[in-house]
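A.B. asks: Quick one: sequence and predicted model below, then my questions.
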Amino acid sequence: MKSRRFSQQVKIFKALAHETRMLVVDELSRGERCVCELTELAGIDISTMSKHLSVLREAGIVASEKRGMQVYYQLLIPCVLKLFTCVQNVSERAHSARRGESA
């Protein structure tokens, strides 16, 4: 029973658990982008980017739309950026605590 309750959330967290996919989500927060732009930004080949985008799409984080020869992606759940901010704040506090600084 418990696993069903959290299964979609787990799918989203797993989809976000990669630096390239986080980069893509961050970039899409500024507006839609074509696969070619995202590939160039990440500095990876198009097949690898396509796999990352597929993971994000299957988790419901992004949507795609084909226009001519290009596929464009947009962010479906911009609230995920609040999670990024929260994690960054926790990370900075932990880093400060390790260095002996006050938070």
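C.D. replies: The structure has been received and is ready for your questions.

A.B. asks: all strands for the protein, in order.
C.D. replies: When secondary structure is read from DSSP state E, the chain shows strands at 33-34, 62-67, 70-75.

A.B. asks: what's the closest of those to His95?
C.D. replies: Shortest separation from His95 across those is recorded for strand 70-75, at 27.7 Å, computed as Cβ to Cβ. For glycine as for every other residue, the C-beta is placed from the backbone atoms N, C-alpha and C.

A.B. asks: Tell me how far that closest one lies from the chain's centre.
C.D. replies: In terms of Cα atoms, centre = their mean, to the nearest Å, the centre of strand 70-75 is set 14 Å apart from its chain centre.

A.B. asks: CA atoms of that strand as PDB?
C.D. replies: As requested, C-alpha coordinates have been extracted for strand 70-75 and formatted as PDB (Å, rounded to 0.1, in the frame of the first residue of the first chain):
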ATOM      1  CA  GLN A  70      13.000  19.700 -34.600                       C
ATOM      2  CA  VAL A  71      11.500  18.500 -31.200                       C
ATOM      3  CA  TYR A  72      10.900  21.200 -28.600                       C
ATOM      4  CA  TYR A  73      10.600  20.600 -24.900                       C
ATOM      5  CA  GLN A  74       8.900  22.600 -22.200                       C
ATOM      6  CA  LEU A  75       8.800  22.200 -18.400                       C
END
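
A.B. asks: now what about it, what contacts it?
C.D. replies: With contacts defined as Cβ atoms under 8 Å, 6 or more residues apart in numbering, strand 70-75 is touched by 24-25, 28-29, 31-36, 38, 53, 56-57, 61-66.

A.B. asks: thinking again about what came up before, turn the strands of the chain into JSON lines, columns for distance to Arg5.
C.D. replies: Compiled in JSON lines, those are given as follows (distance: least, Cβ to Cβ, whole Å):
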{"stretch": "strand 33-34", "distance to Arg5": "34"}
{"stretch": "strand 62-67", "distance to Arg5": "24"}
{"stretch": "strand 70-75", "distance to Arg5": "25"}
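
A.B. asks: Turn those strands into CSV, including mean neighbour count, mean pLDDT and distance to Cys86.
C.D. replies: Written out in CSV, the entries for the strands of the chain read as follows (neighbours: other Cβ atoms under 10 Å; pLDDT from 0 to 100; distance: least, Cβ to Cβ, whole Å):
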stretch, mean neighbour count, mean pLDDT, distance to Cys86
strand 33-34, 18, 97, 24
strand 62-67, 13, 97, 20
strand 70-75, 17, 97, 17
